[in-house]
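*Asks:* Compute the structure for the input listed below.
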Amino acid sequence: MSANSREYNKAMYFSGIYASPHQYGHSGKLAGAMYAIGEVKDAIPIIHGSEGCGFHYKYVCRRDYLPAYNAQCTDLGEKDIIFGGADKLRETVLETARKYSPALIAVLPTTSVDMIHDEIDYVIESLKDKVGCQLISVKSEKFSHVDKRDKSNLLEQRARNWDNHNFKGDADFKGCGFVEAMKAMVEQVMEKQEIQKNSVNICGLAWGTGGSGIVNGMAAELKELGIQVNTLLPNCTTQEIIKAPQAELNIISRRIKWAERMKEVFGTEYFHLNSFDYYSGPEGIERLYLKISERMGRQQKAAKILAKRKQQTLEALKPVKEYFKGFSFALFTSSYGEVPYLIEKYERDFGIPLKLVCVEMKRESLELDRVSEDAAQTLVSNMYQALAKTGSKAQLLINAPREVLEEALRDMDYVLGGGELEFKPEGVRYIQGVGSVLPLDFESFQKTVLNLAQRIEKAPVLGSLLIEKFKYQAMYYPMLNNSDLSGAKKMWEKMWLQRGC
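*Replies:* Okay, the predicted model is just below:
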């Protein structure tokens, strides 16, 4: 598969009809570790567990667009789990080194193996001088994946602090395999380096739709300010991981505990983008690089460059914003927690005057996310606050009946989003939304706005496509309306909600 095809599928996985990487299956902690090691260009992950785990975790959350084809598995049976799988692990490590000649082999234990772990340490220590490459093990802080209660607690905290860019949630998120794998690379792969001034590392995780494009845009913007990217972590080679501590600063979006550990071990400071929306649009982009430059003692020089680039962007987008004013727009979404941020993006950053904001907050969705009644009311209040803050004159419709919604949408020229709608009135033009994270550099942001304008100009009137003839489930769009599928999905959701660890 070509790199361009992979980027397309990656973007579709993070947006498009795949509204959430977790929507159709809840991957365990091993998925995060597989994601991290799978991104290292010359590394091979070994899943120390059963054959089923080896099959399932080649396709993991956030990497379904590019499976870990070369991942190996020790293929443990029941006796191995009981009496120990040291022999199989040793054989698998040696065979992997012989067959692939990787620069790094990472042993990732499944839950049953992780409870003991002693055999992994013993085998790795005995083989380090025999494989001719870096050999590490990933230890878990917790046997289970992140609890659903952590997610619901963070959602409620975020709802109460939607307009507070300094907010940092206190959800623990122990059991996130990504952090554990990154910590293992910090402790077992990285080496002390001489600091290279004006250089940064950028973490490659969780930048949303078109993540690699966002990171590349950031690298280009930093270069304009005289700041070089040392490497992307973990989207690099093993040798680059070894030399990662030579960067002056780590830039990360989420999962900061590995960066905290890197600071403890090597003294590398980190900058945490704890709010994408605070750094959205021309004003936010300027703010972002001023803060990064300040951390590196370059704020005064950067301020002049950024002010000029922001002004150029604003001037270039004036005709586009005038173009948007000639149409009536509706926003439709079932991502109820994101509504305030979407209103700000379209009204403030794009200059799109919304006339209608339609939100689905179905009881089943609220129960699944464990959103309390008070939190739900707070979410609605946030929507009204966002409308007032941006000066929007849009009407807010929440859980509107189908006939009301259908009539309201027919009066709009374009509907932004709406992919979750199980019905689509004929004659209405639908535009795929811009995603939860916008580009974080001036040039890419300008291109994004222009791209949206072009899509609006060419948007077809829907109603004649074959795919529109399918009947989808309202709760699990785009899953087809099939009783067996819905029954299995509901049973899985109930089992997932009942777990607690």
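*Asks:* So in the chain, where's the weakest helix or strand by average pLDDT?
*Replies:* helix 3-14 (a mean of 53; mean pLDDT, DSSP states H and E).
*Asks:* I'd like the average pLDDT over the helix or strand just after that helix.
*Replies:* Per DSSP states H and E, helix 3-14 leads on to helix 29-39 as the next helix or strand towards the C-terminus. Averaged over helix 29-39, pLDDT sits at 86.
*Asks:* Helix 29-39 packs against which elements?
*Replies:* Using 3 or more C-beta pairs under 8 Å, 6 or more residues apart in numbering; DSSP states H and E, the elements in contact with helix 29-39 are strand 43-48, strand 104-109, helix 177-188. C-beta coordinates here come from the backbone N, C-alpha and C atoms, glycine included.
*Asks:* Flag the shaky bits of the stretch 151-300 of the chain, pLDDT-wise.
*Replies:* In the predicted model of the stretch 151-300 of the chain, residues 151-152, 169-175, 206-211 satisfy pLDDT under 70.
*Asks:* Can you show me the helices along it?
*Replies:* For the stretch 151-300 of the chain, the helices defined by DSSP state H, counting those that start in this stretch cover 177-188, 211-224, 238-242, 257-266, 281-295, 299-324.
*Asks:* Now distance to Asp441 too, for these, in TSV please.
*Replies:* Shown next, in TSV, are those (distance: least, C-beta to C-beta, whole Å):
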stretch	distance to Asp441
helix 177-188	25
helix 211-224	4
helix 238-242	22
helix 257-266	22
helix 281-295	6
helix 299-324	9
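*Asks:* State the mean pLDDT of stretch 387-396.
*Replies:* Rounded mean pLDDT across stretch 387-396 is 96.
*Asks:* Run the chain-centre distance for that stretch.
*Replies:* 28 Å (C-alpha atoms, centre = their mean, to the nearest Å).
*Asks:* quick one: the residue of the chain positioned farthest from its centre from Leu76, how far?
*Replies:* Computed with C-alpha atoms, centre = their mean, the residue of the chain farthest from its C-alpha average is Phe83, at 39.1 Å. With distances taken as C-beta to C-beta, to the nearest Å, Phe83 is found 10 Å from Leu76.
*Asks:* quick one: pLDDT of the residue farthest from the centre of the chain?
*Replies:* On the pLDDT scale, Phe83 is placed at 78.
*Asks:* ok, now how distant is it from Asp121?
*Replies:* 17 Å.
*Asks:* Same check on Ala219?
*Replies:* 38 Å.
*Asks:* and these two? which has more neighbours close in?
*Replies:* Between Ala219 and Asp121, counting by other C-beta atoms under 10 Å, Ala219 is the more crowded of the two (17 against 12).
*Asks:* OK, contacts around that one?
*Replies:* 202, 229 (C-beta atoms under 8 Å, 6 or more residues apart in numbering).
*Asks:* Buried residues, stretch 131-139. List them.
*Replies:* Across stretch 131-139, burial judged by 16 or more other C-beta atoms under 10 Å covers 131, 133-139.
*Asks:* Distance from that stretch to the middle of the chain?
*Replies:* Stretch 131-139 has its C-alpha centroid displaced from the chain centroid by 27 Å (C-alpha atoms, centre = their mean).
*Asks:* measure that stretch end to end?
*Replies:* Counting by C-alpha to C-alpha, to the nearest Å, you get 21 Å between the two ends of stretch 131-139.
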